[in-house]
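S.K.: Prediction below, plus the sequence it came from.
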Amino acid sequence: MNRRSFLKTSAGVGTLATLKLNAKSSEIFKGSNEKGVASVCEMCSTRCPIEAKVVDGKCVFIQGNSKFSSNKTSVCARGGAGVNQLYDDQRLVKPLIRDGKRGSGKWKEASWDEALDFCAKKLNEIKDKYGPQAVVFTSKSGESHTQLVNLACAYGSSNIYSHWSCCPITEKIAVPHTFGSSPKRDFANAKYIVNFGHNLFEGIVISDTKKLAKFANDKSTKLLVLEPRFSGVAAKADEWLPIRPGTDLAFLMALIHVWLRDGKYDKKFVEKYTVGLEELKMAVKDSTPKWQESHTGISADTVERVADEIYKASPKVIIDWGHKTTTTRAEYQRTRAICIANALMGNFEKEGGIYFGKNSKTFNTLCGEELFPVLANPNSVFKVPKTPRIDGCGEDGHRHKFIPRKHGVLMDIVPAILSQKPYPVKGWVSTRFNYLINVAGEVDAIKAIKELDFVLAIDIYESDFAHFADVILPVATYLERDEGIQDKSGTAPGFYMRNKVVEPVGGTMGGYELFRELARRLNIDKDYSWNTVAEYRMQQAKGNAELIASLEKDGYVGWKVPKVYYREPKFISKFVEKYPNASQFVDENGNMSSLMKFKTPSGKIELFCAQVEEALPGEGCLHTKDMDCYDGYDLCLMSGKTPIHTNGHTQNIKVLNDMMSEAPIWIHPNTAKKQGLKDGQRVLVRNKFGEGRAKIMFTEGIREDALFVYHGFGHISSGLKRTNGVGFNQSKILNPADGPVCGTMVTNVGVELVKI
Amino acid sequence: MKKFAMIHDENLCIGCQACSVACRNEHGVADDRYRLQVRADLKGKFPKLKLNYERHSCVMCDDAPCVEVCPTHASFKTAEGITLVDPTTCVGCKYCILACPYDARFVDPKSGNIEKCTFCFETRGGEIPACVSVCPTDALIFGDLNDPNSDVVKYASTHSLELPKEHLKTKPNLGFVRNYKGGNHE
């Protein structure tokens, strides 16, 4: 009897009926007790537009928001796990006040009133006794950072920090130093990409990841990856060069040497749009392909060949810079070298190269009328106080002159607390920034926290930092809160907005409300022009209720505008066809060269940075000092991202923990065997900065002189029950000395392994 | 009548496990069990290496050993080509688990039912499955083999597909574009 005839006659009928019923009732986002809410993810810092499926008031599934065509319905593992974080029985939902020694893990639950009043009292006590600068404020990136900045400014402290200095700070500083702003990369249309470990297949940014995956799978393009280990992106390369850790700069300077030596660069572009060619020529005079061999381990012939390949593919080439820019103390020069390499290839404002992001304001100028909404900034009233910071950021004459005062150098917080220099630091407010996992020097950090008068942690879990706090305020997850409107422009204007998917579990409070309420209780809220997120949004939209309504409904609003690159006449003519006003910007060559304004001091792309040279002599042009990341040891321990976890945030989320519960250290079998180490063995990882225990894992996918670990494990908080005590926290052995110009924390470090 | 099929393009797959998380949340899959896994397999010696990402799940055989061996006919094929298990007639003998050459089935520890990938048929009724909808790199392609304009037909006609354990003649409806990347170096 076949299956179908069986179904017609027996128990199968009921089965099929059941299945049909199920299928109908749960057709995604369509049932009567179901709804789809368009919002924005916050499982990492990328902020992908999402759509959450809600059944009977409960969020059950998350996918990408198809209105945002770069991502469609895609979401990564962490994004999908947002629902597991939301309903995790280990997350905090009640304010906690310490009920034992700091770090004892003993807490008593408090009402919001009691907890907020207690925080306000403590913070006012510090201000009265030591002044407002005695409290440091740290935050993860995004809108919580903006709101914490507002609170810190209102309180009067200039000691404000984001995660930048332990992650993207070099990109955030070196790229604008060269171009005046941060150009976008046209991964979708490039023909040749040189990748220095910008690991989009493990540090996922869906819109870019999707494009790079397609690029890598295209047989007519070339992806060249330089990376000491066989990473996710190296595995997809057309050519992988396992470069020695920390020496990208030597390879880049040799590339530049070859291009300048042979005149293989876009001379017209360089002449018209750049300054500093002569200084650059001097800087790379001796950095020959032969010279770089001993640094990188890559043959001179390969450099010559690659230089030629890139030049032939230009301008549809991208020499790609990474996000986590922390490989050596020479990181500023490395990122500058990448920017300079792009400039020499003349790929700026070319299809398949790099280009200015264009927002609604730019398009309104091009179109000659106010076609697209421009947002107001309700935060502009809050200014970082002019009082000197503990790390000297933004001060003339200080080595941290170029570091933004809303971001700071995190590694300087702990020494300031321990030494009470340049002045006493007595309090610390942190929102979802886990200093103990992310910043060099875990041991000293704990010592410093214990010396403070007051520590406030705002978090979802009892993170390691929160574990040592006096008060933990449980913040709503992103699925439980409304937030402001954000710009999402690239080649066309667009906005996105986070919408509340479900009511907060256990009455937790979102960042906007929480900081607003804290400001009120501290009696420092006179500059706040809004009381609720709804009012905040309306101010941003300048009363454009239609825009807000669309964003509430769709989560993302974008406009279809023909793509325009300022140096691509065929795109420009199409644009002008639709928006004739733009013809006034077109020059005799069909380009929009008058719009090629670089916001650098010279108004051009700076191959040599005079302002940097003046403030920090020797740093204005490329040099190869500070490349070493071995520090006399035989092995360099590197770290990076996994697609399953976000920094130190997600290790306790069950579904992600089940998939990746530990991160052993990668080691080549030959390296291990030399020391008599076995696969899976526990070892002591040690250097002059500290030590920690870790498990090793044999793999062929790494150089013999390098080790690698996925960042984010080694938690010590007893509140993180699933991950506490598992894995290695790299911050124990990192060098707290920062890199020049940018204050970069360096996550490559020399170590030795000791048998235990 | 529709005939559902899926393709996993290993060259687009980055092993990020978005599909696994989506699947677990869509179906409440029990701990230590899986309907779907993508396994990373590193081959070769440094620096001649290859990293393959391989999907493991039910392959929706047309001639399904699990259906053949089921004594109560609880395992069956729908007209759309999806292999399902009727929990009301399943007696939990696990013959199907042993018979499956793809190791795709398991006993749910809570309900005692036999579970496996169903292309989300019971929750989505033939719409795009959860894993396909979330895939960050569009490495999964799903659709109706009887519709010449479907994504899956278009993909199958422009790519060289490998069917898992084809020699067993189970006629799977999950096909793979095998990884050709890797092994290159200076």
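M.R.: Perfect, I can see it now.
S.K.: CA only for contacts and neighbour counts going forward, please
M.R.: Noted.
S.K.: which ones are touching residue 135?
M.R.: All of this is about chain A. With contacts defined as CA atoms under 8 Å, 6 or more residues apart in numbering or on different chains, residue A:135 is in contact with A:123, A:126-127, A:157, A:159, A:425-429.
S.K.: oops, I was thinking of chain B
M.R.: If you count contacts by CA under 8 Å, 6+ apart, residue B:135 has them with A:73-76, B:18-19.
S.K.: Take the contacts of residue A:135 and keep only those in helices.
M.R.: When DSSP state H is applied, the contacts of residue A:135 are split such that A:123, A:126-127 fall in helices.
S.K.: Scan those and report the most crowded one.
M.R.: residue A:123 (24 neighbours; other CA atoms under 10 Å in any protein chain shown).
S.K.: Would you check that residue B:175 makes contact with residue B:159?
M.R.: No - between residue B:175 and residue B:159 there is no contact, the gap being 10.4 Å when judged by CA atoms under 8 Å.
S.K.: Looking at the contacts of residue A:135, which is nearest residue B:26?
M.R.: Among those, residue A:429 lies closest to residue B:26 (CA to CA), at 38.0 Å.
S.K.: The closest one and chain B, how far apart?
M.R.: Residue A:429 sits 34 Å away from chain B, taking CA to the nearest CA, to the nearest Å as the criterion.
S.K.: Now do the same contact list for that residue.
M.R.: Contact analysis of residue A:429 by CA under 8 Å, 6+ apart lists A:135-138, A:455-458.
S.K.: Compare those residues and tell me which is most surrounded.
M.R.: Highest count within the contacts of residue A:429 by other CA under 10 Å belongs to residue A:457, 30 neighbours.
S.K.: Doesn't that residue belong to a strand?
M.R.: Yes - when classified by DSSP: H, G, I helix; E, B strand; the rest coil, residue A:457 is found to be part of a strand.
S.K.: Need the pLDDT of it.
M.R.: Here the pLDDT value assigned to residue A:457 is 98.
S.K.: so residue 91, which of the three states?
M.R.: This is for chain A. Note that with three-state DSSP, the state of residue A:91 is coil.
S.K.: could you do chain B instead?
M.R.: When the structure is split into helix, strand and coil by three-state DSSP, residue B:91 lands in coil.
S.K.: and the gap between it and chain A?
M.R.: Between residue B:91 and chain A the distance, using CA to the nearest CA, works out to 13 Å.
S.K.: give me the number of residues near the residue lying closest to that residue once chain neighbours are set aside?
M.R.: Residue nearest to residue B:91 in three dimensions, not counting chain neighbours: residue B:72, with 7.5 Å by CA to CA, 6 or more residues apart in numbering or on different chains. One way to gauge burial is a neighbour count; for residue B:72, by other CA under 10 Å, it gives 14.
S.K.: likewise residue A:129?
M.R.: Using other CA under 10 Å, the number of residues around residue A:129 comes to 10.
S.K.: helices or strands next to the helix or strand where it lies in the packing?
M.R.: Counting by DSSP states H and E, the element that carries residue A:129 is helix A:112-130. Contacts defined by 3 or more CA pairs under 8 Å, 6 or more residues apart in numbering or on different chains; DSSP states H and E place helix A:112-130 against strand A:135-139, strand A:454-459, strand A:471-474, helix A:511-521.
S.K.: Surely residue A:686 and residue A:755 touch.
M.R.: No - contact criterion CA under 8 Å: residue A:686 and residue A:755 do not qualify, at 10.7 Å.
S.K.: Neighbour count: those two, which is higher?
M.R.: When residue A:686 and residue A:755 are compared on other CA under 10 Å, the one with more neighbours turns out to be residue A:686, at 17 against 11.
S.K.: I'd like the contacts of residue B:135 as JSON lines, with pLDDT and distance to residue A:624 appended.
M.R.: Listed next are these as JSON lines, based on pLDDT from 0 to 100; distance: CA to CA, whole Å:
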{"residue": "A:73", "pLDDT": "98", "distance to residue A:624": "45"}
{"residue": "A:74", "pLDDT": "98", "distance to residue A:624": "41"}
{"residue": "A:75", "pLDDT": "98", "distance to residue A:624": "40"}
{"residue": "A:76", "pLDDT": "98", "distance to residue A:624": "38"}
{"residue": "B:18", "pLDDT": "98", "distance to residue A:624": "40"}
{"residue": "B:19", "pLDDT": "98", "distance to residue A:624": "44"}
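S.K.: so which of those residues comes closest to residue A:619?
M.R.: Minimum separation from residue A:619 among these (CA to CA) is found for residue A:76, which lies at 39.2 Å.
S.K.: Provide a list of residues in contact with the residue in the stretch 351-500 of chain A that chain B sits nearest to.
M.R.: Closest contact between the stretch 351-500 of chain A and chain B, by CA to the nearest CA, is at residue A:479 (15.9 Å). If a contact means CA under 8 Å, 6+ apart, then residue A:479 has A:39, A:41, A:82, A:86, A:499-502 as its contacts.
S.K.: re earlier: report the angle between the helix holding residue A:129 and helix A:511-521.
M.R.: 60 degrees (axes from the mean of the first three to the mean of the last three CA atoms, to 10 degrees).
S.K.: Can you give me the buried ones in helix A:112-130?
M.R.: Of the residues in helix A:112-130, A:112, A:115-116, A:119-120, A:122-124, A:126-127 count as buried by neighbour count, 16 or more other CA atoms under 10 Å in any protein chain shown.
S.K.: Stretch A:302-315 now?
M.R.: A:303-304, A:307-308, A:310-311, A:313-315.
S.K.: returning to what we had before: quick one: which of the contacts of residue B:135 is nearest to residue A:373?
M.R.: Within these, the smallest distance to residue A:373 is 26.0 Å, found for residue A:73 (CA to CA).
S.K.: burial measure for that closest one, as a count.
M.R.: Counted with other CA under 10 Å, residues neighbouring residue A:73 total 23.
S.K.: distance of residue A:215 from chain B?
M.R.: Computed with CA to the nearest CA, the distance linking residue A:215 and chain B is 10 Å.
S.K.: Where do the strands of chain B begin and end?
M.R.: If you assign secondary structure with DSSP state E, the strands in chain B sit at B:4-9, B:36-45, B:48-57, B:75-77, B:83-85, B:106-107, B:114-115, B:140-144, B:174-177.
S.K.: sorry, back to before: including pLDDT, could the contacts of residue A:135 go into a markdown table?
M.R.: Formatted as a markdown table, the entries for the contacts of residue A:135 read as follows, by pLDDT from 0 to 100:
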| residue | pLDDT |
| --- | --- |
| A:123 | 98 |
| A:126 | 98 |
| A:127 | 98 |
| A:157 | 98 |
| A:159 | 98 |
| A:425 | 98 |
| A:426 | 98 |
| A:427 | 98 |
| A:428 | 98 |
| A:429 | 98 |
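S.K.: Quick one: the helices in the stretch 501-650 of chain A, in order.
M.R.: Under the criterion DSSP state H, counting those that start in this stretch, the stretch 501-650 of chain A carries helices at the ranges A:511-521, A:533-540, A:545-554, A:569-578, A:610-615.
S.K.: Buried residues, the top helix by length along chain B. List them.
M.R.: Across chain B, the helix with the greatest residue count (assigned by DSSP H) is helix B:18-27. When neighbours are counted by 16+ other CA under 10 Å, the buried residues of helix B:18-27 are found to be B:18-26.
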